[in-house]
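K.L.:
sequence unknown, structure follows:
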């Protein structure tokens with residue numbers, strides 16, 4: 001976190017050291033020395049990684065919809081009766097264009113997907 005934040009803020013080694021030393025509950029001097037050494041050695045690589053990450057833009061979630069379907073038959077199987085769930089995510093791309101991303105899951109996969117969302121909601125309740 002420390003290095004990532006320093007990279008995003010384009011901090012020099014000295015700026016990072018001053019920032020770490022001035023915080024409430026400042027780090028011990030030996031810890032700051034280690035951070036300084038690592039930043040001197042790896043700071044450029046971390047900064048390049050952060051710059052690359054900033055270029056990766058993600059869309060903004062707008063809506064989710066789902067529907068339950070049953071595959072009744074196919075050209076190779078006369079009686080499938082196979083249930084599936086189609087999930088569609090509506091996303092606003094960084095360009096502003098609205099796109100729909102759809103995928104299908106088995107019912108057990110959808111139950112797992114739903115459980116994960118419930119876990120996320122429970123965690124967010126604690127924030």
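P.N.:
Received it, and whenever you're ready, just let me know what you need. Just so it is clear, the structure is predicted and the values come from calculations on it, not from any experiment.
K.L.:
And the pLDDT for the nearest residue to residue 17 once chain neighbours are set aside?
P.N.:
Among residues not flanking residue 17 along the chain, residue 36 sits closest, at 5.4 Å (C-beta to C-beta, 6 or more residues apart in numbering). From N, CA and C alone the C-beta is placed, and that goes for glycine too. Residue 36 carries a pLDDT value of 83.
K.L.:
What about residue 68, how many residues nearby?
P.N.:
Neighbourhood size, residue 68 [other C-beta atoms under 10 Å]: 10.
K.L.:
With the one 3 residues further on instead?
P.N.:
Other residues near residue 71 number 12, with proximity taken as other C-beta under 10 Å.
K.L.:
before we move on, what about the one 5 residues further on?
P.N.:
When neighbours are counted by other C-beta under 10 Å, residue 76 registers 6.
K.L.:
Tell me the helix or strand right after the lowest-mean-pLDDT helix or strand in the chain.
P.N.:
Lowest by mean pLDDT, DSSP states H and E among the helices and strands of the chain is helix 29-55, with a mean of 72. Counting by DSSP states H and E, the element after helix 29-55 in chain order, helix or strand, is strand 60-71.
K.L.:
Just checking: what are the partner strands of that following strand?
P.N.:
Using DSSP bridges, the strands paired with strand 60-71 are strand 82-92 (antiparallel).
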